[in-house]
Structure formats: C-alpha cells, structure tokens
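Trainee: My questions are about this predicted structure, shown below with the sequence.
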There are 2 protein chains.
Amino acid sequence: MPLASRPKSRGPKPTKVDPDHLLDAAQAVFAEDGLRAASLRAIARRAGCDPALIYYHFASKEALFAALLRRRFPQLLVEMKGLADPKDHRPTAVRLWEVLLTYHRHLKDDPGIRSMIRGEMVRGVEGLAELIEEQIRPIALCARDIFEQGIARGELRPDLQPLLATFFLVRMQIEILDLLPALLPRLLYLSPESTVVTGMRAWFDIFWRGIALDPSAPTPHLPNPAA
Amino acid sequence: MPLASRPKSRGPKPTKVDPDHLLDAAQAVFAEDGLRAASLRAIARRAGCDPALIYYHFASKEALFAALLRRRFPQLLVEMKGLADPKDHRPTAVRLWEVLLTYHRHLKDDPGIRSMIRGEMVRGVEGLAELIEEQIRPIALCARDIFEQGIARGELRPDLQPLLATFFLVRMQIEILDLLPALLPRLLYLSPESTVVTGMRAWFDIFWRGIALDPSAPTPHLPNPAA
DNA sequence: GGCATTATTCAACACTTGTTGAATTGGATG
DNA sequence: CATCCAATTCAACAAGTGTTGAATAATGCC
C-alpha cells in the first residue's frame, strides 16, 4: 500500500489531508501575508491539495481563521489559569516571569497568529474582533489576577493599575518576539534567537523594577526560556 | 469659471488633484487595509480621480507607499534631533516624556502608517524593510542618545542598554496609540482618547521607575499631550 | 459484487487586482 | 487661431480572488 506517495491520481485520496494539516498550512500562509492578503490557493498549495477541499472542511476563509484561533488559545488559557492560582505562593516576580515564558513557549513559532491578531484588532474587522477578544480576555484576566495578588501580598506598588500593567507586560513580550529579531540584529550584532532572550531579560528587568514595591530588592533567579 | 464643481466631464481637469491629495487618500486606505490588501482603485475613489492618474504621479503602488514614508518621517526626525541636543540640560525624565509627546503628536492621526510600518517590518517585504529602516534608524538613534546622556549625567542606571530601552519606550507608545483604544474601552470604562492619555502616563510611570538610577526620587511635572 | 459514504478534484463563475497605451481636454504660448 | 504640454480619463489586459456544483475515486458495509 503506497500510503505516503500520493500517486498524483486526479481522484480523491480519502482521509489523507485532515483538517489539522490544513490549519498548519493556513497558519503559515496567514503568517506571511495577513488574513486579507493570504489566498486560499496559496494555502491549498502548501497543504498539497485543491483549494476546494478547504471548503469541505471549513465554511469560509474567515471560518478557517477562527478555527486557527480556537486551536491555539485554549491551551494557553489552561496554563495561565494554573499560573494565576492564588495558592501559588512563589514570589510575584517569578510568577510574572513565568507568564512571559508561557507566552514565549506558545507563540514563538506562530508569527502568523500574532500579527494577524494585532492587525484584525486594530482595524476591527466585523465579527473577528469580537472572536479574538473572547479568546484573549480570559487569558488577560488571569495575568491581571497575578498583579492583584501581588499588590495584596505587598510585593507590588499599591497604586498600580493591574489591567494596564497586564497590557504592558504581555504586549511587549509579543513585540519582542515579532519586531526585535527584525530590527536589532542589524544594529547590535546578535542572532535573532539570542535577540529574543536578551530582549526578554532586559524588558523584565526594567518592568519589574518599575512595578515592585521595593525596587532595590534583588530579583530572584529567573530561568531562561527552553529552547 | 466653475472651479470646484468638477462638471463630470470625462476629460481632464488639470492641476486639480495634486500628489499630496493622493498621498492623503493613500494613507487613509492603507490604514484600513494594509499595504498589500489596499487597492489602487479604492485610493483613487477616495481621492476622487481615476486609478490611472496615480501612475502619472507615482511609478507604482510601492512607490506610493515609499512617498508616504518620506513625507512623514523627516519632520519627526527634525524634532527628535532637537530633543537629543546634548546642550539640553532638563531632567532626563522630562526629555524622555517629550519623546513620547513628539511621537504622539506626529503619529496620532496616522494609524495607517503605524500599522503598515510594523507589518512590513515583520514580514520583511523585499526593499521596503530597508527603506523603513533607513527612515527610522536616525530617529531611534536620537532617542538612544538621550538615554546615553542620562547615564552619563548619573540620572539613569549605568547597566541600561540604551538601544533596547529606546525600543521599549517608543514601541510601547505606538502600541498605546494603536491597540489600547481598541482593547481597553470594553474592559475599563474610558473613552478611546482618555485611554491614550491614561495609558501614556501609566506607562511612563512604570518605565521611568524602571530605568532611573534613584527610583524613589519624585518625577518632575509632565504635561499632558496637546489635544 | 453492489452501494452508499467520504474525501477529493475539476472546471467554471463573477469579480477584483496592478498596470498600461491610447485618447481627450484644458490652459498657456506663439 | 494653431501648437504644445501637462493632467486626466477610458478601456482593456492578464492574472489572481473566494466560492460553488458537478464529477470522481477509494473505502467500508451488506
């Protein structure tokens, strides 16, 4: 049985291209071109199938995008819920650093989803912005909880606005993943990957000092992101 | 002489649509759709002329985009050079806040240019990324100079990396302009405009404390952005 | 073997895109 | 008035778009 050879028969090869494979291809193409400029034909080409097959699995281009979101974010939410557990009594600095590591782990291979989300939020495509917000809100609220607990525990400045602090922390993490590797290697002499790690540590160093109740206290040891 | 009526004559109405008017329209359309998805027909419709006219003034769609960049950034650079003057002996906090105000003043009405720049940098369109970098680099280096002077004057932490600090400061300002108004009004109860001002102050408060040599010293008075 | 089902492709539709060449018009100049 | 030029439009091109309906082949079930 030739299972992987795909003998270029014009007929069907049932159950060979599953929706997940299509989502992988879609993600890669969306990454390069953005939602609107990405073409279904390019996605199909990448998946090695006919464009029409996409319509067998998904109702439309936007439904494909929505499925992409729904595949990624629930995982992230589960981990964030774990981090926000009030029974977690590790230092707040460690917990917030874990937030960055979690974002890094889940999104580092997803430039597509990152820039698409931002793009669609900014230009407010009808329907999509709501879907995105619905996926992101619970995750953001977990991070906010960590800030609130940090204030209650006397580790963070009481005048902090937890929601804004959340925005600053995670938004910068995404900019570090997206933009820093495109900008810095030409100015400094760093590989794109070490750019990300350097940027993350420099960022957290400044941010933590900015929000800590006692900025002169030493920050605990923060592990590098896993490769 | 009917000068403004545009009698719908199919012929020409010479010297009525100047390139600057075209750039205005292009900017608005690029803002909504991004460089790749924006159509010349949409730009022409907005400018009230025929698509072909665009090719009379500009060589191509990308040349139009490039002209857009070249129209905006030189102004910004002039002001940034003024701010980076080493003879400026105001407190570093004031000077860095002025950087944010300058960005705000120049870019607040330009969502198009902001998101386009980011998008094209991230996905590295050939040629365009170079042009963008060429425009942005001198501006970024001005801001970096302010950080270096602040370190030399003993106002900033000596272990600061000026280039990274520049990235954090101005990149977040752009995210505050772009994303915060789309996100926060639904969570907090703020108008989009007050969202920006609130975000800027909260951001600078955290950032300054993070980079100052003496984080407990009070920050000087920082004026609101002009409306 | 026949049959329904499932996964797949083909071919086409109507539409939009960036771009170009020829035509047209208004004004200035002679 | 004729001529020239700059500004503008028209009409068309080839290519690409999302989407759909019909056709096709492999599989599992009776």
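Mentor: Thanks, I have it. Numbering: from 1, shown residues only, chains lettered A, B, ... in the order given.
Trainee: A:Arg90 in helix, strand or coil?
Mentor: coil (DSSP: H, G, I helix; E, B strand; the rest coil).
Trainee: before we move on, what about A:Ala59?
Mentor: Per three-state DSSP, A:Ala59 ends up coil.
Trainee: and what of the one 5 residues further on?
Mentor: Per three-state DSSP, the secondary structure class of A:Leu64 is helix.
Trainee: Pretty sure it sits against A:Gln27.
Mentor: No. With contact defined as Cβ atoms under 8 Å, A:Leu64 does not count as touching A:Gln27 (9.7 Å). For glycine as for every other residue, the C-beta is placed from the backbone atoms N, C-alpha and C.
Trainee: where does chain A have low pLDDT?
Mentor: For chain A, the stretches with pLDDT under 70 are A:1-16, A:124-127.
Trainee: Identify the single longest helix in it, thanks.
Mentor: helix A:128-152 (DSSP state H).
Trainee: Which neighbouring elements make contact with that one?
Mentor: helix A:61-83, helix A:92-107, helix A:111-123, helix A:162-178, helix B:180-187 (3 or more Cβ pairs under 8 Å, 6 or more residues apart in numbering or on different chains; DSSP states H and E).
Trainee: Of all these, which one comes closest to DNA strand C?
Mentor: helix A:61-83 (13.9 Å; Cβ to the nearest atom of the strand).
Trainee: now the closest one: how far from the chain's centre is it?
Mentor: 9 Å (Cα atoms, centre = their mean, to the nearest Å).
Trainee: between it and helix A:111-123, how many degrees?
Mentor: Relative orientation of helix A:61-83 versus helix A:111-123 (axes from the mean of the first three to the mean of the last three Cα atoms, to 10 degrees): 100 degrees.
Trainee: and for helix A:61-83, what are the contacting residues?
Mentor: A:19-20, A:22-23, A:26-27, A:30, A:35, A:40, A:43, A:54, A:58, A:95, A:98-99, A:102-103, A:106-107, A:110, A:113, A:116-117, A:127-128, A:131-132, A:135-136, A:138-139, A:142-143, A:146 (Cβ atoms under 8 Å, 6 or more residues apart in numbering or on different chains).
Trainee: Swap in 7 Å and give it another go.
Mentor: Helix A:61-83 is contacted from outside by A:23, A:26-27, A:30, A:35, A:40, A:54, A:58, A:95, A:98-99, A:102, A:106, A:110, A:113, A:128, A:131-132, A:135, A:138-139, A:142-143, A:146, using Cβ atoms under 7 Å, 6 or more residues apart in numbering or on different chains.
Trainee: Produce a PyMOL select command limited to the buried residues of those residues.
Mentor: Selection of buried members from the contacts of helix A:61-83 for PyMOL, criterion 16 or more other Cβ atoms under 10 Å in any protein chain shown:
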select buried, chain A and resi 23+26+27+30+35+40+54+58+95+98+99+102+106+110+113+128+131+132+135+139+142+143+146
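Trainee: Need phi/psi at A:Pro215.
Mentor: With angles defined as degrees, to the nearest 10, A:Pro215 sits at phi -70, psi -20.
Trainee: Give me the number of neighbouring residues for it.
Mentor: 17 (other Cβ atoms under 10 Å in any protein chain shown).
Trainee: these two touch, right, it and A:Arg209?
Mentor: Yes. At 4.6 Å, A:Pro215 counts as touching A:Arg209 under the criterion of Cβ atoms under 7 Å.
Trainee: Could you pull up the contacting residues of the residue nearest the centre of chain A?
Mentor: Centroid-nearest residue in chain A, with Cα atoms, centre = their mean: A:Leu107, separated by 3.5 Å. Contact partners of A:Leu107, counting by Cβ under 7 Å, 6+ apart, are A:113-114, A:177.
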